[in-house]
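1. A predicted structure for the sequence below; I have some questions about it.
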Amino acid sequence: MSVMQCRECDLAPYAVRPDAHFACDECGHRLDSRDFYLDPDEVWSVDETGTVHVFLTPAACLKWLDDIADLHTGDWATAQQALWQYRRATAGLVESLRAGLPLPA
């Protein structure tokens, strides 16, 4: 999970406004959800404070974990890289599930 930083100033995240648009508290840049640029494996959500967050879908996290299993871990550096990726994929999966995204059927 990561906050969706402002495209203009990159100093603050976007937050929801009463008019259903989003704006940066730092520079005031406004954005509509139709203008979000997300990877097909990402979804956005708004937390209880109104901040916009981006999550990997559970399906994308599970695919990532599956891809890690295919890594050849014959040397120390590659094994460390696989472990680091595994930790990131697992954390992404937990965060997306906590946000209420469903596991794939």
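-> Done, it's in. Numbering: from 1, shown residues only.

2. Let me see the ranges of the strands in the chain.
-> 2-3, 14-16, 22-24, 30-31, 42-46, 52-56 (DSSP state E).

3. ok, the first one: who's next to it in the sheet?
-> Pairing partners of strand 2-3, with direction, according to DSSP bridges: strand 52-56 (antiparallel).

4. Next, the angle strand 42-46 makes with the strand it pairs with.
-> Counting by axes from the mean of the first three to the mean of the last three C-alpha atoms, to 10 degrees, strand 52-56 lies at 150 degrees to strand 42-46.

5. In contact with A12, which residues?
-> Q5, C6, C24, D25, E26, C27 (C-beta atoms under 8 Å, 6 or more residues apart in numbering). Placement of C-beta: from N, CA and C, glycine included.

6. so where do the helices sit in this structure?
-> Secondary structure of the chain (DSSP state H): helices at 58-69, 76-98.

7. what about the residue nearest to R7 when sequence neighbours are not counted, how many residues close to it?
-> Distances taken as C-beta to C-beta, 6 or more residues apart in numbering place H29 nearest to R7, at 6.8 Å, with adjacent residues excluded. H29 has 15 neighbours, counted by other C-beta atoms under 10 Å.

8. pLDDT weak spots in this structure?
-> Scanning the chain with the threshold set as pLDDT under 70 gives 1.

9. care to break it down by domain?
-> 2-56, 58-98 (automatic domain parsing).

10. Format those domains as a markdown table; extra columns: distance to A105.
-> Below are the domains of the chain laid out as a markdown table (distance: least, C-beta to C-beta, whole Å):
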| stretch | distance to A105 |
| --- | --- |
| domain 2-56 | 17 |
| domain 58-98 | 10 |
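
11. Lovely, talk soon.
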